[in-house]
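*Asks:* predicted structure and sequence below. I'll ask about it afterward.
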Amino acid sequence: MEYSEYHLQRSAHFEHGCDAQIASRLLEDVSLYRSWESSHQRLMRGVAAASRPADQLVELRKVSFRTLHRKAPFEYLRERRLSGSARRLLIHRLFGTDHYGRTVVREHNAFLNSAASYLCVDSLCGDLMGDSAFCEALNEYEAAYADFYRAYCDSLLVDAEGNEGSPLVSLLPYLRYQLKVIRDHLLAGAPQKSDFKQLQSLYAASGDTQRLPVLDINFAP
């Protein structure tokens, strides 16, 4: 926890782009920082409870995936810049609630907490624990997961327009299975760097796994 707090402060002062913005946002708002501190402590308990370094690495990897997945909904909203009825519809379809404003605030806080923890865990794995091979592979997984989640959310909106048989829907089971294979491999013990390199064939864009085009899914407000 002490290392994570130090890394967050360092990121705010010396990093650039999104990482610096997230760290600065938390450090400048006491309420947001306390929220992150509480959630990050819960995540770190499993890591601290592991007795061997190898087990701690596995727990850190699990936290990496958990936080990566948790920040995805708001990242999609931000990337697609949804507004009006499209934004409301997606919130309803993703979370099954009609409390739009409350859910958006909750997801924004979850994004900040998860993104900050993801940033800290990445440094813990690579800089402190020397697990640079996992960090490299995780970067590839993050891009693949973003493609999957984009396709998933796009399919929810396309489906809502009444377009049955969207090609996005047929891709989702394959993309989901592909991610599971990669995730299971990265969580399995402590593979060598050469083992991670073998995963590149799964990330490679070919055929059905090519990046999907941007859809016009902003409904009229």
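*Replies:* Alright, I've got the coordinates.
*Asks:* what's the host helix or strand of residue 13 packed up against?
*Replies:* According to DSSP states H and E, residue 13 maps onto helix 2-14. On a contact count with 3 or more CB pairs under 8 Å, 6 or more residues apart in numbering; DSSP states H and E, helix 2-14 meets helix 17-28, helix 30-49, helix 100-123. Glycine gets a C-beta too; all of them are placed from N, C-alpha and C.
*Asks:* so which of the ones you listed is the most packed in?
*Replies:* helix 100-123 (a mean of 19; mean count of other CB atoms under 10 Å).
*Asks:* could you list the buried residues of the very next helix or strand once past that helix?
*Replies:* Counting by DSSP H and E, the next helix or strand C-terminal to helix 100-123 is helix 132-160. For helix 132-160, the buried set under the neighbour-count rule, 16 or more other CB atoms under 10 Å, comprises 133-135, 137-138, 140-142, 144-158, 160.
*Asks:* what residues are up against residue 71?
*Replies:* Contacts for residue 71 (CB atoms under 8 Å, 6 or more residues apart in numbering) come out as 110, 111, 114, 115, 118.
*Asks:* redo that, cut-off 6 Å
*Replies:* For residue 71, the contacting residues are 111, 114, 115, by CB atoms under 6 Å, 6 or more residues apart in numbering.
*Asks:* number of nearby residues for the residue nearest to residue 132 when sequence neighbours are not counted?
*Replies:* Leaving aside its chain neighbours, residue 132 sits nearest to residue 126 (4.9 Å; criterion: CB to CB, 6 or more residues apart in numbering). Residue 126 has 16 neighbours, counted by other CB atoms under 10 Å.
*Asks:* against residue 139, how distant is the spatially most central residue of the chain?
*Replies:* Geometric centre of the chain, nearest residue: residue 68, 2.4 Å, by CA atoms, centre = their mean. When distance is defined by CB to CB, to the nearest Å, residue 68 is 10 Å away from residue 139.
*Asks:* shouldn't residue 115 be in contact with residue 22?
*Replies:* Yes. Residue 115 is within contact range of residue 22, at 4.9 Å (criterion: CB atoms under 6 Å).
*Asks:* what is the helix or strand hosting residue 55 packed up against?
*Replies:* According to DSSP H and E, residue 55 maps onto helix 53-70. On a contact count with 3 or more CB pairs under 6 Å, 6 or more residues apart in numbering; DSSP states H and E, helix 53-70 meets helix 30-49, helix 100-123.
*Asks:* now with 10 Å?
*Replies:* Contacts defined by 3 or more CB pairs under 10 Å, 6 or more residues apart in numbering; DSSP states H and E place helix 53-70 against helix 30-49, helix 100-123, helix 132-160, helix 167-187.
*Asks:* to residue 11, which of those lies closest?
*Replies:* helix 100-123 (6.2 Å; CB to CB).
*Asks:* specify the angle between the closest one and helix 17-28 in degrees.
*Replies:* Here helix 100-123 runs at an angle of 110 degrees relative to helix 17-28 (axes from the mean of the first three to the mean of the last three CA atoms, to 10 degrees).
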